[in-house]
Structure formats: structure tokens, C-alpha cells
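*Asks:* Here is a sequence with its predicted model. Questions after.
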Amino acid sequence: MTKIKIAIAGIGNCASSLIQGIEYYTAERKDSIGLMHLDLGGYKPKDIKVVAAFDIDARKEGKDVAEAIFAPPNCTTIFCPDIPATGVKVKMGRVLDGISDHMKNYEERYTFVVSKEPEATKEDIVNELKNSGADMLLNYLPVGSEEAVRFYAECALEARVAFINNMPVFIASDPEWAKKFEEKNIPIVGDDIKAQLGATITHRILADLFEKRGLKLDRTYQLNTGGNTDFLNMLNRSRLASKRESKTEAVQSILSHKLEKENIHIGPSDYVAWQKDNKVCFLRMEGRLFGDVPMNLELRLSVEDSPNSAGVVIDAIRCCKLALDRGIGGVLYSPASYFMKHPAIQYPDDEAYRRTEEFIAGARER
């Protein structure tokens with residue numbers, strides 16, 4: 001099989017975990033712990049190669065990707081420290097609304113140090129994507145980067161490369177954007193990556209369990225804390241509209257009767273610096289069972305946030321490559337429904353899983 005050539009916008013914790021994972025699973029460990037698929041449509045993790053990278057941090061810009069993924073303010077677990085040099089230097093990206101103003105008041109080790117190099121133009125990004133031979137561009141920009149994400153989506157369209165939108169800015173789930181990718185026959189997977197076993201997928205499974213076991217869910221909350229730059233960024237509540245919508249809709253879509261707004265609260269709650277890339281979820285569900293008797297469930301989930309997402313992105317990349325190989329463009333509805341919190345079509349998780357397996361096996365999209 002040919003290599004899957006990826007470009008990445010945003011060399012933060014999530015990109016670090018993904019690149020570490022590609023190297024980690026290149027050894028083809030017998031148990032393949034942490035992978036949903038070792039072989040997906042003939043592609044293995046070792047077939048993924050980074051060919052272009054963009055960031056705005058001075059501590060990453062100009063460095064080899066293998067070095068940049070360990071530069072501050074990245075703070076995720078280092079589970080594969082020996083990454084061979086890639087020969088790919090991180091290029092200066094475009095800032096736009098990629099940094100929240102409040103983050104400028106924090107110590108450098110916790111936030112961005114914007115490079116003094118000139119910002120990239122659309123032509124710069126498009127040329128880099130074309131010249132690198134990238135098959136697809138992965139978006140890892142901060143939550144709330146509405147203008148910046150659309151900028152990179154436009155670059156992907158102009159360069160005619162596939163787009164994987166891992167963040168909650170609605171591109172694949174926006175009919176106008178979806179049409180743009182469909183008209184150019186370019187695959188897109190989005191929006192907002194679901195973790196391998198994170199707060200949202202756990203909340204969805206439990207909501208589905210309530211439905212299937214005849215319980216009535218009356219109210220629920222999901223509160224999350226973390227200490228990475230993502231949580232620091234989300235202290236600016238004005239940047240959270242799409243994030244809250246994405247996470248809330250992911251749970252509401254499972255229910256036969258949607259909860260009133262006052263009875264459901266889902267979203268990032270606070271930044272705790274010493275947690276670093278560890279994310280703690282506090283989940284509560286209140287409902288009624290047989291005889292209208294009340295019950296409640298409380299769960300605490302602690303996960304390393306970025307490896308948790310990388311375990312899903314590594315499959316999204318390979319599904320996107322299968323679409324390219326098969327000449328399929330537009331939204332990949334089945335993979336998106338399984339991998340993303342806010343896909344264009346929300347299928348129940350068991351159906352999304354089945355449809356994704358069928359897609360991998362060669363079934364056409366709807």
C-alpha cells in the first residue's frame with residue numbers, strides 16, 4: 001500500500017499523541033492495545049506519514065515535527081519518546097482567532113508564544129499542501145477558532161486535499177460547506193472528534209442504556225476539568241457556543257424525547273493547571289424506573305485527553321484515505337457518525353459502528 005500523507009494544522013497535545021502513536025504502533029505489537037483496527041482496509045498505522053505541519057508558536061515553528069511535538073506548552077503523556085526525525089519542519093500558520101485574548105496573561109509555559117515570523121497567506125498554505133503531496137489536512141486548532149478553521153478548510157478545498165475536522169467548528173455538518181467538498185469530490189470527516197473512551201461516548205452509551213431498559217431520564221449533567229491549553233482556552237466562555245452544542249447534541253440525539261435546556265448541562269467546566277492533559281469528567285443522570293421510582297447514577301472518569309482522541313483519529317485518517325482511493329468525495333457520513341460528536345447525521349453508536357465497518361469493507365456511502 002502507498003503511504004498516507006497527512007498535513008496537520010496545530011501541533012499541540014493531540015497532534016503529539018497521534019504522531020507518538022504512529023511510531024508506537026509501527027512495531028506492530030502483538031496485542032495492539034488501544035487500536036480499534038490494526039489493519040484498516042489494508043492500511044496500518046505505520047503507513048501514515050506527516051508531510052506538512054503548521055503552528056503559530058515560536059517554540060515549534062521551524063523545528064522538525066518530531067521535536068516540535070514535545071515543545072511547550074504541550075503537556076500530554078510521553079509514551080513514545082524516541083521519534084525519528086521526519087525531515088518536515090513546522091511552518092508558520094495563520095493566527096486569526098486562534099488565540100483567546102485572556103491567554104496572553106498566563107505564563108509562557110501554559111500558553112502560546114506567538115512566532116514573530118510573518119503569518120502564512122492562503123497561497124502559502126495551499127502551495128505547501130500541494131508541494132508536500134499531502135492527501136489530507138487534519139485540523140487541530142483550539143476551540144472557538146471559527147475564522148481560522150474556515151481558513152484552513154478553504155485551503156484544503158483549493159489544494160484539493162481531504163479535510164478531517166477534529167474540532168467543534170461546524171464544517172462537515174454545515175450543508176453549505178458540505179456542498180463545497182461534494183462539488184469538488186473531496187472527502188471530509190467531521191466535526192469534533194469523539195474520544196476513544198471519553199465523557200461524550202460514555203454519556204451516549206448510558207443514555208442509550210436508559211432508553212433500552214425502559215428508564216425515563218429526567219435530568220443530567222456532564223462537568224469536565226483539565227489542565228491543558230484546550231481547557232485554558234475554554235475559560236473564555238464566548239468561545240464555547242459550538243463546543244457546548246456539539247457535546248449536548250451528541251447526547252440529546254440518543255434520547256427519544258429531548259430534555260429541556262434547564263435539565264441538561266454538558267460542557268467544559270474549569271481549568272486546573274496541575275491536571276495537565278488529564279481530563280476528569282463528573283457525570284450525573286437522574287431518572288425514574290419501574291413504578292416511577294426515582295434513581296440516580298454518578299460516574300467519575302479520568303483519562304489522558306489527547307491519546308484518547310488519537311485512538312480515533314488514526315482510524316479517521318485511514319477511512320479518509322479509503323475514500324480517496326475509491327474516488328469518493330463529500331461528507332463521509334458513516335465514519336463521521338462513529339468518530340465525531342457533531343456529524344451531519346447522528347446514528348446510534350451501534351448503527352454507526354456497523355455502517356463504518358461496512359464502509360471499510362467497501363460499501364458505498366448513502
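*Replies:* Structure's in. What do you need?
*Asks:* Rounded mean pLDDT for the helix or strand containing Arg300, please.
*Replies:* Secondary-structure element containing Arg300, defined by DSSP states H and E: strand 293-304. Computed over strand 293-304, the mean pLDDT rounds to 98.
*Asks:* which helices and strands sit right next to it?
*Replies:* helix 199-212, strand 278-289 (3 or more C-beta pairs under 8 Å, 6 or more residues apart in numbering; DSSP states H and E). Heads up, the C-betas are built off the backbone N, CA and C, glycines and all.
*Asks:* Please compute how far the lowest-mean-pLDDT helix or strand in the chain lies from its chain's middle.
*Replies:* In the chain, no helix or strand scores lower on mean pLDDT, DSSP states H and E than strand 264-271, which sits at a mean of 92. The chain centroid and the centroid of strand 264-271 are separated by 18 Å, computed with C-alpha atoms, centre = their mean, to the nearest Å.
*Asks:* quick one: buried residues of it?
*Replies:* Within strand 264-271, the residues that qualify as buried by neighbour count (16 or more other C-beta atoms under 10 Å) are Ile264, His265, Ile266, Gly267, Pro268, Ser269, Tyr271.
*Asks:* got the contact list for the fifth one?
*Replies:* This points to Pro268. Contacts were defined as C-beta atoms under 8 Å, 6 or more residues apart in numbering; by that measure Pro268 touches Asn224, Gly226, Phe231, Met234, Leu240, Lys243.
*Asks:* quick one: contacts for Thr288?
*Replies:* Quick fix: residue 288 is Arg, not Thr. Here Arg288 is in contact with Leu215, Lys216, Asp218, Pro294, Met295 (C-beta under 8 Å, 6+ apart).
*Asks:* Any quick ChimeraX command for the buried ones out of those?
*Replies:* To isolate in ChimeraX the members of these that are buried, counting by 16+ other C-beta under 10 Å, one can use:
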select :215
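*Asks:* Who wins on neighbours among the contacts of Pro268?
*Replies:* For the contacts of Pro268, neighbours were counted using other C-beta atoms under 10 Å, and Gly226 has the most, 25 neighbours in all.
*Asks:* before we move on, could you check phi and psi at it?
*Replies:* phi -160, psi 170 (degrees, to the nearest 10).
*Asks:* Please report how far the nearest residue to it once chain neighbours are set aside lies from Val169.
*Replies:* Distances taken as C-beta to C-beta, 6 or more residues apart in numbering put Lys279 closest to Gly226, at 4.3 Å, once the chain neighbours are dropped. In this structure, Lys279 lies at 20 Å from Val169, with C-beta to C-beta, to the nearest Å as the measure.
*Asks:* Tell me the spacing between the most far-flung residue of the chain relative to its centre and Glu298.
*Replies:* For the chain, the largest distance from the centre (C-alpha atoms, centre = their mean) belongs to Gly291, which lies 41.5 Å off. When C-beta to C-beta is the yardstick, Gly291 and Glu298 sit 22 Å from each other.
*Asks:* ditto for Ala85
*Replies:* In this structure, Ala85 and Glu298 are 47 Å apart, going by C-beta to C-beta.
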